[in-house]
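K.L.:
Below: sequence and its predicted model.
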Amino acid sequence: MTVLGFPCNQFGAQEPGSNEEILKFAQDRYQVTFPMFAKIEVNGDGASPLYTWLKAAKPGDIGWNFTKFLVSKDGQVLERFEPRTTPEEIAEALPSLLS
């Protein structure tokens, strides 16, 4: 399993920095080791094609940072988790989603 991070500044201007600044902050503050991609938009006319696809599979606008999607190895969007869902809650849900 791989976690991928996609910073977005559409929520309370929480990601105003450059891609390099965002990556450094995430690594220094949260010890992030997963791949971080360039800042994107996730809602509206400028939404990234990735998020257009994710939201087509699991509908609804993204309401806040840290919305998470579980995608299978073959590209099927299995589940959408809202921002307050913890990694532990996702881990508990994995057996039923991956069976």
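P.N.:
Received the coordinates, thanks.
K.L.:
ranges for the strands of this structure?
P.N.:
68-71, 77-81 (DSSP state E).
K.L.:
Select, out of those, the one closest to residue 94.
P.N.:
Between residue 94 and those, the shortest gap by Cβ to Cβ is with strand 68-71, which sits at 7.8 Å. For glycine as for every other residue, the C-beta is placed from the backbone atoms N, C-alpha and C.
K.L.:
May I see the strands of the chain organised as a markdown table, with distance to residue 21 and mean pLDDT added?
P.N.:
Converted to a markdown table, those look like this (distance: least, Cβ to Cβ, whole Å; pLDDT from 0 to 100):
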| stretch | distance to residue 21 | mean pLDDT |
| --- | --- | --- |
| strand 68-71 | 23 | 94 |
| strand 77-81 | 27 | 95 |
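K.L.:
Can you give me the end-to-end span of stretch 36-44?
P.N.:
22 Å (Cα to Cα, to the nearest Å).
K.L.:
What distance do you get for residue 38 to residue 45?
P.N.:
Noted for residue 38: a distance of 18 Å to residue 45, by Cβ to Cβ, to the nearest Å.
K.L.:
oh sorry, the question was meant for residue 82
P.N.:
Counting by Cβ to Cβ, the separation of residue 82 from residue 45 is 23 Å.
K.L.:
which of those two has more neighbours?
P.N.:
Higher neighbour count among residue 82 and residue 45: residue 82, with 12 against 5, using other Cβ atoms under 10 Å.
K.L.:
can you pull the contacts of the closest residue to the more buried one other than its chain neighbours?
P.N.:
In this structure, residue 82 finds its nearest non-sequential neighbour in residue 67, 6.1 Å apart by Cβ to Cβ, 6 or more residues apart in numbering. The contact partners of residue 67, by Cβ atoms under 8 Å, 6 or more residues apart in numbering, come to 42, 80, 81, 82, 83.
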